[in-house]
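Enquirer: Provide a 3D model corresponding to the input given below.
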Amino acid sequence: VMSEARGEGRDQSGNLSFVVGCVDEDHRGSEEGGRIKNEGEMRKGEEEDDDKDDDSPPERQIVVGICSMMKKSKSKPMTQIMERLCKFEYITVVIFPEEVILSQPVDKWPLCDCLVSFHSKGFPLDKAVEYAKLRNPLLINDLNMQYYIQDRREVYRILQEEGVDLPRYAVLTRDPDRPEECNLVEGEDHVEVNGEVFPKPFVEKPVSAEDHNVYVYYPTSAGGGSQRLFRKIGSRSSVYSPESCVRKTGSYIYEEFMPTDGTDVKVYTVGPDYAHAEARKSPALDGKVERDSEGKEIRYPVMLSAMEKLVARKVCLAFKQTVCGFDLLRANGHSFVCDVNGFSFVKNSMKYYDDCAKVLGNMVMRELAPQFHIPWSIPLEAEDIPIVPTTSGTMMELRCVIAIIRHGDRTPKQKMKMEVRHALFFALFEKYGGYKSGKLKLKKPKQLQEVLDIARLLLAELGQHTDCEIEEKKGKLEQLKTVLEMYGHFSGINRKVQLTYLPNGQPKASSEEEGREEESQGPSLLLVLKWGGELTPAGRVQAEELGRAFRCMYPGGQGDYAGFPGCGLLRLHSTYRHDLKIYASDEGRVQMTAAAFAKVRAYVCRCFSILRVNICGYLLTVDSESLTDCQQRVKVRLHEIMQKDQDFTEADYQKLAPTGSPSLVTSMKTIGNPVRTCDQVYTLIQSLTSQIRRRLEDPKSADLQLYHSETLELMLQRWSKLERDFRNKSGRYDISKIPDIYDCVKYDTQHNATLDLEDTLELFRLSRALADIVIPQEYGINKAEKMDIAQAYCLPLMKKIQLDLQRTHEDEAVNKLHPLYSRGVMSPGRHVRTRLYFTSESHVHSLLSIFRYGGLLDEVKDQQWKQAMDYLSAVSELNYMTQIVIMLYEDNNKDPGSEERFHVELHFSPGVKGCEDEENVPLGFGFRPASAENQEKQTNQGSLEDLSQDETDRALSLSEPISIKRSPMSRNRKTGSMEVLSETLPTSSKGTSYRLFPSCSCQSPEIKQTGLGGYLVSVPLDQPLYKRVHELFSMPAVKRFSVSFARHPTNGFEGCSMVPSIYPLETLHNSLSLKQVDKFLNAACEHSSDAHAKTMKGKHSSQSHAFRELGHLSFCIMMHLHETTTFYGSHVGSPINITWGIECLE
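Expert: Residues are numbered from 1 along each chain as shown. Reported below is the predicted structural model:
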């Protein structure tokens, strides 16, 4: 375009991307209506090179001009986006030199068809407006509206007119000509502005948006003073000042301070149909900017709610700014806009750069290509419609993803029981309504503080009067006090107290209560103190990496993570076509896992409303009445078998392992004599505690810090308690402590291995063998018991899963963009529904039992299901991050009423890898392996014939690497609107699942990672494009899809200390119909209800049974209300408050 280039931008291949310079008068061409009509010579000397091969006239180029201060034009985000924009065949970018903008008249400025211009410090906005009037280019961001953006009063006025929620505010204008507008009355803890009272804390903002000196004033009860915010200087964004009086000169906006949990949300739009959001630490906290190891401010991706997406659209359209940034405050369950910044780019996000260039390029071509008779149409991007290949060899639309996920790595759970009779405990029990149900759970800081106060008072009385009438054991009270005083504060996450009313006292002393000689008389309370079980840093890393892995399952997620061609989950969400809800039970470790999985901190994750945790209090709760009898009977039988001082007999195998589970039988063989094995375990525990005591006596170990800030003293307390509780005075072992022992030794083996304690691995081996029997069999020994207990655990969850699948195929318009606002989105009706349920081990065990023993399929008739059941039977442990994944697809080519219309796949992963060598780990059959039926269909695929003759049920060994390499970023020519990437095609393989078993840390040199776990197999670029695309979609589909997920992205941190990686998903079945699954879930739910009715019949009146049935009906109503908390109309996406309804229904 330029006859005199001042500078050039080049892409990674060295190709010219854009130029900086001025238009030569001789090459400007004819003009009509202010637009360039003849731009044949695009760059000086370029026509000579083109004419060598083609005598046809050059194609018309659309010139996009960048008119801004050079600091902005040459910034990294602008450069990245412009380089991508230049990949459009008919677009060329010109950057206006700063000296031309500042010193030359506008008629001397370069010519352009489309103008990207925005105000910043020193920029002559008036001249830009004049240029736009002269040349009439297509404006990406309206210039006149940028005057309004510079005045916060105008910004708030426009937002109010658009119906956007704002913090309550008042304007104080100090203008000598309008003294009536300056009415300020200042009190000690408030200000009154024009009659509007703002109690402290409140915010004081200058009316000029260019003035970033915003003050937050605090009340005297919080120490007074003010926090003074300013533009970042180094690592500071604000400072505290003792000054409490407001400023006396200048005009300001005073607004209510919004409690946001210490974060701000920055939203970046690219047109009305795209929004990217990030959260950062609020500068109003302590003023210190959080930066990463590279010195960049730490920000976390945030997913916007439906209401927030509508706000983003309104802001973009109201201010006529295609590229626009604004600030959101999430407080009190609502989102408020507090600032509009105008033209803003996201920093350090390749995914955003790709999407931004794509949206802008398509927008420019859509508006200008018809005027210049350029042959162009909107391309149908692979990620714009959620269609993926399936194992049946057809292309289907992904409609729903449901996952049940266990929490991540945690500290050992600990528990202490004691019987209490003091009047203060009974008063506390009555105060919080314990008598209504006979049980009480105390988690709130205030409640735990009351328990601590009682313990301190009783211990003080025991210290003063040794003969006082306090029945509680002093040792137990001291332990209660010590645990409650840990950490120095209560958070409601890491400790809880449960109280259970015992009308006749404790009937039988447990191993912990042994020694009470006198019989219990009168009522008492069983106090159970639970602590520990906190999510560790390793658990957070595991959850984050699993979140990245899940993104690969969505359309467009097969390439680089945070790079092009797409980003799967985030791409769907940014374009308002992803219906996502994340549920978590009320346990702190579960909620923290869910937050880390979503790639945000817990306090940033405001889109996962507390409402969902409230609902999960019912959804992921346990039917304790149904469990009591059945599970108690199972535990009694389990304890009887495990207390025999002899080797397991054939009869014991029949009693303990009637299902013939290989993992269970193997553990029983390892144990031999259960009592002798318990003796060995007890001896090893004694040895371990002795070693820890010796370390404590060693001065060198005095200040030794263990993993997660644990000390040797705390470690000793943990093991000493297990030593006391495991064997009672009569020599019998408490089998219920075996899971706790395994829990502790697994934790220390993984995280505290540097202590090098003797015989730890032997203790791990024996306790694991015992735990592999006790843990799964506590959920039922035979199939009938497993089903009864499983249904009692997860009946509400099963009903919710059934509802998720039904509502997806009914095509409900929940959490989708309102049709009125969906113009411009290429596939607004296409959406993917995702429901993620984070919970504890009990629900995962139970749900898996339902799928295994509930009669979903017949193992005799279905070979794939038989193989899946053999695989599950060989899995000995459902470790942290275990996943059960259900994926629903729709085949739009089938009749809507056909059973083949909807296709369901069931996948499973046993979670993180164990501490031992993985020689005996059962091998699955990969993620979405091709079926034998598919092989028969694909035998005549021409050049792909060899691919269709692969063995189906064998994982790919590391000695048979796939030829995989990164798809090249460079381009030889412009092919359409954007870079055409050669998507992945395997050239040769053996094993259709492409399952690269991740236990080996070495990687074939032919395999190159494209991102966090993504792999691309390239096709020779010399093949014609149509042939490559044809082969891509005509090949056996699983071969393209499964490669990207074959090597689980979590393996990227396998070599990292203390963070074991996660096993990849294994497909249990990939050819289920929705009708089949719905019928199965319905039958399981009905069976559970019938079984419960029989249980209730002998215990309660028909009135109680009727009330219970009403409760199940209420649950369905509650779930329906929750799933439809967004509506069309003026309040699209606004959540309704149904917490009161949940409390009533429960």
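Enquirer: which residues in the stretch 51-200 of the chain form strands?
Expert: 62-67, 91-95, 114-117, 138-139, 169-172, 184-186, 190-193, 196-199 (DSSP state E, counting those that start in this stretch).
Enquirer: just checking, what packs against the first one?
Expert: Translated: strand 62-67. Packing partners of strand 62-67 (3 or more CB pairs under 8 Å, 6 or more residues apart in numbering; DSSP states H and E): helix 76-85, strand 91-95, strand 114-117, helix 350-368. Where C-beta positions appear, they are placed from N, C-alpha and C, glycine not excepted.
Enquirer: in the stretch 1001-1146 of the chain, what spans have low per-residue confidence?
Expert: Low-confidence segments of the stretch 1001-1146 of the chain (pLDDT under 70): 1001-1058, 1088-1146.
Enquirer: Flag every buried residue along stretch 529-546.
Expert: Buried residues in stretch 529-546, defined by neighbour count with 16 or more other CB atoms under 10 Å: 529-536, 538-546.
Enquirer: what about that stretch, start to end distance?
Expert: 32 Å (CA to CA, to the nearest Å).
Enquirer: same question for that stretch, mean pLDDT?
Expert: Mean per-residue pLDDT for stretch 529-546: 90.
Enquirer: Show me the shaky parts of the stretch 651-800 of the chain.
Expert: Across the stretch 651-800 of the chain, the ranges flagged by pLDDT under 70 are 702.
Enquirer: ok, which stretches of it are helices?
Expert: 662-671, 674-697, 712-726, 738-751, 760-777, 783-809 (DSSP state H, counting those that start in this stretch).
Enquirer: got those helices as JSON lines, with mean neighbour count and distance to Leu704 columns?
Expert: What follows is the helices of the stretch 651-800 of the chain, written out as JSON lines (neighbours: other CB atoms under 10 Å; distance: least, CB to CB, whole Å):
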{"stretch": "helix 662-671", "mean neighbour count": "18", "distance to Leu704": "34"}
{"stretch": "helix 674-697", "mean neighbour count": "17", "distance to Leu704": "7"}
{"stretch": "helix 712-726", "mean neighbour count": "18", "distance to Leu704": "6"}
{"stretch": "helix 738-751", "mean neighbour count": "23", "distance to Leu704": "14"}
{"stretch": "helix 760-777", "mean neighbour count": "21", "distance to Leu704": "16"}
{"stretch": "helix 783-809", "mean neighbour count": "22", "distance to Leu704": "41"}
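Enquirer: For Gly122, find the nearest of those.
Expert: Nearest to Gly122, of all the helices of the stretch 651-800 of the chain, is helix 783-809, at 53.3 Å by CB to CB.
Enquirer: After the closest one, heading C-terminal, what element do we hit next?
Expert: Later in the chain than helix 783-809, the nearest helix or strand by DSSP states H and E is strand 832-839.
Enquirer: ok, residues contacting whatever helix or strand comes next after that following strand?
Expert: Per DSSP H and E, the first helix or strand lying C-terminal to strand 832-839 is helix 841-853. Contact with helix 841-853 is made by 404, 406, 585, 620, 622, 775-776, 779-780, 783, 786-787, 789-791, 793-794, 797-798, 837, 869, 872, 878, 882, 884, 906, 908, 1068, 1084, as judged by CB atoms under 8 Å, 6 or more residues apart in numbering.
Enquirer: now stretch 170-188
Expert: By CB under 8 Å, 6+ apart, the surrounding residues in contact with stretch 170-188 are 153, 156, 191-196, 198, 207, 220, 245-246, 249-255.
Enquirer: Of those residues, keep whichever come out buried.
Expert: Buried members of the contacts of stretch 170-188, counted by 16+ other CB under 10 Å: 153, 156, 191, 193, 196, 198, 207, 246, 251-255.
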